[in-house]
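Engineer: coords below, sequence missing:
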């Protein structure tokens, strides 16, 4: 079960969101052009290694300042699924948070949330020599901000109960989607060791909380919290299909909701035919 779109249109171009996606994809493409030994060196050099950040000075000259890896690690990914999942979440939720903050503030917010996420993980695994990589700490911050800004926005969820060959798309309020997501991250973090490899769940938790705490400092003045749902809501029950939309206001001529099957009000995504940390 994972989100594929939200019903929360914006009126500005999310150029920073697009830039972050583009640079992450470009760096991953560069990674894949390297031999495995070189990729490992890249992770060790530019990944956030807790022992280098929190450890005692050893006198060794590191090839890259440990403090800077808190930023560089956000643009490295361990595989196509790692990259794809992160970029999908950034695509769905990033543009609305960017619209609430403005371009430059959103860029600063994204990077700061990623730094806090990495520090959260590192503080709980200070002796670990395993590099932490990935944008999910920063993106967790975006999710935390989105929850406070647009809890009523409807998110399209693809339910795919593998190995059963069946899927269905549901429209669920963001507060439920993101609330469940955070609960899963917190429980997973509580039952896993931060010093081991795998998913850095505490980075997700730290980034999400950081996003909520930092939001008042970065959002534009006049942008309210807990905004009301859009006038248009999603109808997944009626024909012609799961993309049918219903206007929440009743049609004065017959009392039935008026439908709009056009694309306005919904973000287009790569699934539209038209058109580790």
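Structural biologist: Yes, it's here. This one's a predicted model, so the numbers in the text were calculated from it and none came from an experiment.
Engineer: which parts of the stretch 151-277 of the chain are helices?
Structural biologist: Under the criterion DSSP state H, counting those that start in this stretch, the stretch 151-277 of the chain contains helices at 174-190, 201-218.
Engineer: neighbours of residue 40, how many?
Structural biologist: 13 (other CB atoms under 10 Å). To be clear about C-beta, it is placed using only N, CA and C from the backbone, and glycine gets the same treatment.
Engineer: list the buried ones in stretch 39-58?
Structural biologist: Of all the residues in stretch 39-58, those buried under the rule 16 or more other CB atoms under 10 Å are 39, 42, 43, 44, 46, 47, 48, 49, 50, 51, 52, 53.
Engineer: report pLDDT for the second one.
Structural biologist: Read that as residue 42. We have a pLDDT of 96 for residue 42.
Engineer: so it makes contact with residue 34?
Structural biologist: Yes: counting by CB atoms under 8 Å, residue 34 is a contact partner of residue 42 at 7.0 Å.
Engineer: which one of the helices of the stretch 151-277 of the chain is the most hemmed in?
Structural biologist: helix 201-218 (a mean of 22; mean count of other CB atoms under 10 Å).
Engineer: helices or strands next to that one in the packing?
Structural biologist: The contact analysis (3 or more CB pairs under 8 Å, 6 or more residues apart in numbering; DSSP states H and E) places helix 201-218 against helix 103-123, helix 136-149, helix 174-190.
Engineer: okay if I get the helices of the stretch 151-277 of the chain as JSON lines plus distance to residue 78 and mean pLDDT?
Structural biologist: Formatted as JSON lines, the helices of the stretch 151-277 of the chain follow (distance: least, CB to CB, whole Å; pLDDT from 0 to 100):
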{"stretch": "helix 174-190", "distance to residue 78": "17", "mean pLDDT": "96"}
{"stretch": "helix 201-218", "distance to residue 78": "14", "mean pLDDT": "98"}
